[in-house]
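Student: Build me a structure from this.
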Amino acid sequence: MRHYVQVPTVEQERAYDFNSAFEPRPCMCLGVCCCCAALRPRYKRLVDNIFPEDPKDGLVKADMEKLTFYAVSAPEKLDRIGAYLAERLSRDVVRHRYGYVLIAMEALDQLLMACHSQSIKPFVESFLHMVAKLLESGEPKLQVLGTNSFVKFANIEEDTPSYHRRYDFFVSRFSAMCHSCDHDPETQTEIRIAGIRGIQGVVRKTVNDELRATIWEPQHMDKIVPSLLFNMQKIEDVDSRTGPPSSPTGGEKEENPALLAENCFRELLGRATYGNMNNAVRPVFAHLDHHKLWDPNEFAVSCFKIIMYSIQAQYSHHVIQEILGHLDACKKDPPRVRAGIIQVLLEAVAIAAKGSIGPTVLEVFNTLLKHLRISVDFELGDRRSSAGSATFSTSSKENDERIVQNAIIQTIGFFGSNLPDYQRSEIMMFIMGKVPVLGATSQSLDTSHLGDLGTRRIQIMLLRSLLMVTSGYKAMTITNALPAPFLDPLLSPSLMEDSELRQLVLEILHNLIDRHDNRAKLRGIRIIPDVSDLKIKRDKISRQDVSFMKKHGQQLYRHIYLGCKEEDNVQKNFELLYTSLALITIELANEEVVIDLIRLAIALQDVAIINEDNLPMFNRCGIMALVAAYLNFLSQMIAVPSFCQHVSKVIETRSLEASYFLPETIFKDKCNLPKSLEKHEKNLFFLTNKIAESLGGSGYSVERLSVPYVPQVTDEDRLSRRKSIVDTVSIQVDILPGNNTEDKDLPKNHKVGKDLQDHLVQLSSHHHCYHKPLNHIS
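Tutor: Model prediction:
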């Protein structure tokens, strides 16, 4: 039986003391070494053998193969092998023996890749402990080494997950490495890349298992997401200053921290599910707020483009809801910050509109309209506070609020124009219901505290939004495009009190009436020599369109008639009124509508000549030019030769004697206006009897041409503060006590007398003796 000599503990510990100055006695050294060699377990001897005397020689491959075979053959020893390797590595790290540290990590990596048994779990704990030791060291090379080993470990698919294992330390440490501020730029970039790759490894190791959801907790996302964004932002700034990335060297392309962080960010978002989507998105807002990246917002826009393209399509509405919520939280922030958030929302909506937006459609519009009112309120508040002292800062604030308002309008318009038609019609009704008009419902935006100026600003902003939503909208029938609940408030007198409001209303009408894209061909008011050159597209008038004109035609005529009589009209107003008449002719005109349009044109000519409203001379000549351009277009569209001849003759006479009655002259910058219109000859005007004769010979029912056009009266006219036809109607009621005698006073065959003035006086008398709506005339 063998007898062993017991070695004191102190002597055993001194065996690990690699002090070259110490030289023990030969007899003692022989006894200790012999006894240690006999007592040491096999796995320790195998581990010791893989380390060479000189670390520069690297891992002893033959002994490493023996250790690997032993570990695979006896997997129950893996935990002890790992613990012993961890012990050696910790000692080498403390003693700065980095050559042996590299050898130990290489051995650990090979053992990890070779062993896939159940017993690897304890070995992994030792492995992670060693990686943590390397990451905690202040040496960049060791941090990179530990990261590389962790990434290799993250790519290993374990047979069964370890639910007790947590990666809190690694999340914190890798996030800190992403923010490295080392004085050496190359070292700083190297550490940051290692931190990003480490985060990517943590994500890959944890997100695949639904039961191990700790990585999605807010305390982890608040570290991971800002770390990735920080590198995306910083390197983007550097690239913008120094140009494109450097070319590949040494046959390998250099790793770009920005691209690596972006790929990791995309991978993280792509793995997000319904329950943890918000936790991944909210840190983005915190980062952008903290670093003041909403103004300018190029980086914020790029971030949310990455988010929208990376997440699953069915979760898009979550991101939009988060943006809306952040916009509400920042409603008191500077206007440029709010504008930056709204522009980000626009980009997100543009991407989401291609897929499914879910139940957030009305929420988006409702929130944007609310912020539109808030912006107008801020703008007017700044203006009131600076009354009497026009400072630069106040003017700048007002301009910034305009930026916010324009961003809101663009977002509403883009979002609405990308919706399917059935949803777009609902949004049109929704926005129109928010416009404050006389008799509006409680759904409209509250502008009572904004005053008249604030109400007008809200009306303009909402109509501009509506104009963008209606752009490109094609309804099968005009009834679907202009239902009564939409048309009535759109043509309200409340939206005629300003030149810009009237322009927006007419442009919205053009979007909805023009179903064959003819509006571009009619742009600009002019005398068209040959309408056939325009190649106007039109279909046969449907029964639905005929029914619509019988029911709502008088509303359209009335709006055009009253719109021509406004004193603040400019050239654009006349151009849009002309286009409105032309589009009604193309899309909705049958023989009955043609007669009504001619009556309307003659009535507008009478407005300019009689001038009961005391219009400026420019407006009167503008109306005459509008009538000339429209009747020239209409006569060629219905192709009645005698009608075309009469219109052409009047236009030719005007070009020689009164060119200011033609659009090509009156709308020039410098035009000599006449002092009065009373001395003009009747050959300069379009005459009812001539038109009636020409159309009667072509089969038109011209009896109604003898009835001067008078716009119908609505209840809103009585409530409106504007001067309107209500005053005329009240005079009619005083003069004519009975309402059933007007038709008897009208001559059946009205003829123009020799003297044009007699004709105009006669028309004037008809205006005062007839006020019944046209749809009551048989």
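
Student: ok, D514 - contacts?
Tutor: For D514, the contact set (CB atoms under 8 Å, 6 or more residues apart in numbering) comprises 583, 587. All C-beta spots, glycine's among them, are computed from the backbone N, C-alpha and C.

Student: Kindly recompute the last result at 10 Å.
Tutor: 473-474, 481, 520, 522, 537, 579, 582-583, 586-587 (CB atoms under 10 Å, 6 or more residues apart in numbering).

Student: In helices, which of the residues you listed appear?
Tutor: Under the assignment DSSP state H, those contribute 481, 579, 582-583, 586-587 to helices.

Student: could you dump those residues to JSON lines with neighbour count?
Tutor: Output for the ones in helices among the contacts of D514, formatted as JSON lines (neighbours: other CB atoms under 10 Å):
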{"residue": "A481", "neighbour count": "23"}
{"residue": "T579", "neighbour count": "23"}
{"residue": "A582", "neighbour count": "28"}
{"residue": "L583", "neighbour count": "22"}
{"residue": "I586", "neighbour count": "22"}
{"residue": "E587", "neighbour count": "19"}
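
Student: Redo the contacts of D514 as CSV? Include distance to G340.
Tutor: Formatted as CSV, those follow (distance: CB to CB, whole Å):
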residue, distance to G340
Y473, 30
K474, 34
A481, 35
A520, 34
L522, 39
K537, 43
T579, 37
A582, 42
L583, 39
I586, 43
E587, 42
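
Student: What is the three-state secondary structure of I193?
Tutor: Judged by DSSP: H, G, I helix; E, B strand; the rest coil, the three-state class of I193 is helix.

Student: circling back: which single one of the contacts of D514 is nearest to D63?
Tutor: Lowest distance from D63 to the contacts of D514 (CB to CB) belongs to Y473, with 78.7 Å.

Student: Counting neighbours, what do you get for the closest one?
Tutor: 19 (other CB atoms under 10 Å).

Student: same deal with C330?
Tutor: The local packing of C330 (other CB under 10 Å) involves 17 other residues.

Student: Any figure for the gap between it and L112?
Tutor: 48 Å (CB to CB, to the nearest Å).

Student: Find the residue at the geometric middle of this structure.
Tutor: What sits nearest the mean C-alpha location of the chain, by CA atoms, centre = their mean, is L346, with 1.2 Å.

Student: Quick check, that one in contact with G416.
Tutor: No. Using CB atoms under 10 Å, L346 is not in contact with G416, being 11.9 Å away.

Student: all strands for the stretch 401-550 of the chain, in order.
Tutor: Ranges of strands in the stretch 401-550 of the chain, per DSSP state E, counting those that start in this stretch: none exist.

Student: about what we covered before: can you redo the contacts of D514 as JSON lines with pLDDT?
Tutor: JSON lines is the format used below for the contacts of D514 (pLDDT from 0 to 100):
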{"residue": "Y473", "pLDDT": "89"}
{"residue": "K474", "pLDDT": "85"}
{"residue": "A481", "pLDDT": "92"}
{"residue": "A520", "pLDDT": "92"}
{"residue": "L522", "pLDDT": "93"}
{"residue": "K537", "pLDDT": "92"}
{"residue": "T579", "pLDDT": "97"}
{"residue": "A582", "pLDDT": "97"}
{"residue": "L583", "pLDDT": "96"}
{"residue": "I586", "pLDDT": "96"}
{"residue": "E587", "pLDDT": "94"}
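
Student: Just name the closest of those to I156, please.
Tutor: Nearest member of the contacts of D514 to I156, counting by CB to CB, is Y473, at 56.6 Å.

Student: List the contacts of that closest one.
Tutor: For Y473, the contact set (CB under 10 Å, 6+ apart) comprises 416-417, 419, 421, 424-425, 428, 480-481, 511-512, 514-515.

Student: Report the two of the residues you listed separated the most.
Tutor: Maximum distance among the contacts of Y473 (CB to CB): 19.6 Å, for L419 and D514.

Student: quick one on the thing from earlier: and the residue nearest to the centre of the chain, that one's in a helix?
Tutor: Yes. L346 sits within a helix when classified using three-state DSSP.

Student: which one is it nearest to, not counting chain neighbours?
Tutor: Once flanking residues are discounted, L346 sits nearest to T411: 4.3 Å by CB to CB, 6 or more residues apart in numbering.

Student: Run a quick neighbour tally on the one you found.
Tutor: T411 has 25 nearby residues by other CB under 10 Å.

Student: again with V319
Tutor: 24.

Student: okay, it: pLDDT?
Tutor: Here, the pLDDT recorded for V319 equals 91.

Student: My assumption is that it lies in a helix; please confirm.
Tutor: Yes. Counting by three-state DSSP, V319 is part of a helix.
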